[in-house]
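In: I'll drop the sequence and a predicted model, then ask my questions.
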Amino acid sequence: MNPNDIINNLESKHPGEKEYLQAVHEVLESIETIYNENPMYKAAQIIERLVEPDRILTFRVSWVDDLGKVHVNLGYRVQFNNAIGPYKGGLRLHPSVNLSILKFLGFEQIFKNALTTLPMGGAKGGSDFNPKGKSDNEIMRFCQAFMLELWRIIGPNTDVPAGDIGTGGREIGYLYGMYKKLKMENTGILTGKGLNWGGSLIRPEATGFGATYFMNEMLKKNNDTFKGKTVTVSGFGNVAWGVALKVIEMGGKIVTISGPDGYIYDEAGLDEDKIEYLLELRASNNDIVSPYAEEFPEAKFIPNKKPWEIPCDIAMPSAIQNELNGDDAKLLIANGVKYVAEVSNMGCTPEAIAEFHKNKIPFGPGKAANAGGVAVSGLEMSQNAMKLNWSNEEVDEKLHVIMKSIHEACIKYGTEDDGFVDYVKGANIAGFIKVADAMLDQGVV
Ligand code: 2IT
């Protein structure tokens, strides 16, 4: 297998799908050696089968706004691979959504879900619908219209969607309500549900908590801790919120958050009151962060820029794909960054990752570091299947164990001769072997 040949072939079949090709390229580079050492993979054309989704459903979503105007959006579900369990992955509602982005996310999800140790295949879906500024009723009508198509191909043992950017507890509620009505059943479909109708404790915080546990393992590997560390974070959604809470608990200081309007630099660091304020701001359905600097005058608002110019020990991008590029990485390194982990999916460009590796900065890729979210989704499915609820402590303990085991898998497959851990390689190889071996066992299907 030669990654460039496969990519060239995919490029001619799927021209312009740049995020998807980027995600595939990264995995192929990591697994090239072990793939070529195992002729069984080639004989079964594992790569050729793995890079194409099992199927893609695209559909039109028509809905009516509060003024009676009709809107048309595109809806998608990419069912990528179910070799190790039912398709599993979130639904992204964001104007940037297109097939390339959902294919990259679905592809990443295969390996991420494999790393969690739980039986989940990979999928992703969503729409180019923009939830920003929409009323509650408009969100409900959109979610209902979306589910009117999606319900046909999902189910608790078939495909279990969840949240992602733009899809939180409220949207999952509306989607669930319509699914339940259409199917005439109340089952563990969708994760991220409300606590009193099948949801799991810790699911909202799980991505951020898990990423912080993962970073803590990276620190431990270097005989280091969060204590006294300055941490820069982008975004201020569910994911950044969980990171902030846990990092503060572990003794670190979060000095930045960001939105599409720019970023906030708060040298004193976020605390619980400030996080509470951010949650209120976000609940207003407006994703700008500038009001924070008015509420807390010691903080500065820097418009139209990203937080990577602020000196820090640890950077944890938590917003969206490709939000940290090669120049950002160079700046972070020049300012003394020591550790980086993606909490967003594919938050760093290949150029940024190359800079970190060149400078021997431990870098945790999203499919390992942010797997805590989908891991607790898996735990939600288990609780639904058993028809019981675990306590906070039980879920948190399981999440902790899972994040540690993902870190161990990265060490196992990513440690280089000089002892430096290439977490990208480690995560890709560990995830790939599990899925590829399952595909070998199950024949050509
Ligand atoms: O990117 C992700 O892992 C998610 N959006 C969570 C997926 C899930 O099924 O919980």
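Out: Thanks, I have the structure now.
In: what's near enough to touch the residue of the stretch 151-300 of the chain found nearest the ligand?
Out: Of all residues in the stretch 151-300 of the chain, the one sitting closest to the ligand is residue 162 (3.3 Å; Cβ to the nearest ligand atom). Where you see a C-beta, it was placed from the backbone N, CA and C, and this is true even at glycine. Residue 162 makes contacts with 88, 89, 90, 91, 172, 190, 191, 192, 373, 374, 377, as judged by Cβ atoms under 8 Å, 6 or more residues apart in numbering.
In: Tell me which residues of the lengthiest strand in the chain come out buried.
Out: For the chain, the longest strand by residue count, based on DSSP state E, is strand 70-81. Using 16 or more other Cβ atoms under 10 Å as the test for burial, strand 70-81 gives 73, 75, 76, 77, 78, 79, 80, 81.
In: do the same with stretch 212-229
Out: Neighbour counts over stretch 212-229 (16+ other Cβ under 10 Å) mark 212, 213, 214, 215, 216, 217, 218, 219, 221, 224, 226, 229 as buried.
In: would you turn those into a markdown table with distance to residue 123?
Out: Compiled in a markdown table, the buried residues of stretch 212-229 are given as follows (distance: Cβ to Cβ, whole Å):
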| residue | distance to residue 123 |
| --- | --- |
| 212 | 26 |
| 213 | 25 |
| 214 | 23 |
| 215 | 27 |
| 216 | 29 |
| 217 | 27 |
| 218 | 28 |
| 219 | 32 |
| 221 | 32 |
| 224 | 36 |
| 226 | 33 |
| 229 | 36 |
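In: So which of those residues sit within strands?
Out: Within the buried residues of stretch 212-229, no residue falls in strands by DSSP E.
In: Quick check: of those residues, which lies closest to residue 275?
Out: residue 212 (13.8 Å; Cβ to Cβ).
In: How about the contacts made by that closest one?
Out: Listed by Cβ under 8 Å, 6+ apart, the contact partners of residue 212 are 226, 242, 243, 246, 247, 250.
In: Just the pLDDT for it.
Out: pLDDT recorded at residue 212 is 98.
In: What distance do you get for it to residue 330?
Out: Applying Cβ to Cβ, to the nearest Å, the value for residue 212 to residue 330 is 26 Å.
In: bridging residues for the one residue in the stretch 1-150 of the chain that gets nearest to the ligand?
Out: Closest approach between the stretch 1-150 of the chain and the ligand, counting by Cβ to the nearest ligand atom: residue 90, at 3.0 Å. Beta bridges link residue 90 to residue 162, judged by DSSP bridges.
In: burial measure for it, as a count.
Out: Using other Cβ atoms under 10 Å, residue 90 is surrounded by 26 other residues.
In: so how far is residue 430 from it?
Out: Shown here: residue 90 relative to residue 430, a distance of 22 Å by Cβ to Cβ.
In: Give me the contact status of stretch 9-22 with the ligand.
Out: No. Using Cβ under 6 Å from any ligand atom, stretch 9-22 stays clear of the ligand, with a minimum separation of 13.7 Å.
In: residues contacting the residue nearest the centre of the chain?
Out: Central residue of the chain (Cα atoms, centre = their mean): residue 345, 4.4 Å from the mean position. For residue 345, the contact set (Cβ under 8 Å, 6+ apart) comprises 104, 105, 108, 321, 366, 367, 370.
In: again, only using 7 Å
Out: Each residue near residue 345 by Cβ atoms under 7 Å, 6 or more residues apart in numbering is listed here: 105, 108, 321, 366, 370.
In: Now the phi/psi pair for the nearest residue to residue 17 once chain neighbours are set aside, please.
Out: Excluding its sequence neighbours, the residue lying closest to residue 17 (Cβ to Cβ, 6 or more residues apart in numbering) is residue 100, at 3.7 Å. Dihedral pair for residue 100: phi -60, psi -40, per degrees, to the nearest 10.
In: Quick one: residues contacting residue 100.
Out: Residue 100 neighbours (Cβ under 7 Å, 6+ apart): 17, 18, 19, 20.
In: how deep is the second one tucked in, by neighbour count?
Out: Meaning residue 18. Residue 18 has 14 neighbours, counted by other Cβ under 10 Å.
In: for the first one, same thing?
Out: Neighbour count of residue 17, defined by other Cβ under 10 Å: 19.
In: Looking at the buried residues of stretch 212-229, which one is closest to residue 395?
Out: The closest of the buried residues of stretch 212-229 to residue 395 turns out to be residue 213 (Cβ to Cβ; 12.8 Å).
In: re earlier: could I get the contacts of residue 162 as a markdown table with secondary structure and distance to residue 404?
Out: Shown next, in a markdown table, are the contacts of residue 162 (DSSP: H, G, I helix; E, B strand; the rest coil; distance: Cβ to Cβ, whole Å):
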| residue | secondary structure | distance to residue 404 |
| --- | --- | --- |
| 88 | strand | 21 |
| 89 | strand | 23 |
| 90 | strand | 24 |
| 91 | strand | 29 |
| 172 | helix | 28 |
| 190 | coil | 28 |
| 191 | coil | 22 |
| 192 | coil | 24 |
| 373 | helix | 16 |
| 374 | helix | 16 |
| 377 | helix | 19 |
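In: can you list those in JSON lines and add distance to residue 418 and pLDDT?
Out: Formatted as JSON lines, these follow (distance: Cβ to Cβ, whole Å; pLDDT from 0 to 100):
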{"residue": "88", "distance to residue 418": "37", "pLDDT": "98"}
{"residue": "89", "distance to residue 418": "36", "pLDDT": "98"}
{"residue": "90", "distance to residue 418": "37", "pLDDT": "98"}
{"residue": "91", "distance to residue 418": "42", "pLDDT": "98"}
{"residue": "172", "distance to residue 418": "45", "pLDDT": "98"}
{"residue": "190", "distance to residue 418": "45", "pLDDT": "98"}
{"residue": "191", "distance to residue 418": "41", "pLDDT": "98"}
{"residue": "192", "distance to residue 418": "41", "pLDDT": "98"}
{"residue": "373", "distance to residue 418": "33", "pLDDT": "98"}
{"residue": "374", "distance to residue 418": "32", "pLDDT": "98"}
{"residue": "377", "distance to residue 418": "37", "pLDDT": "98"}
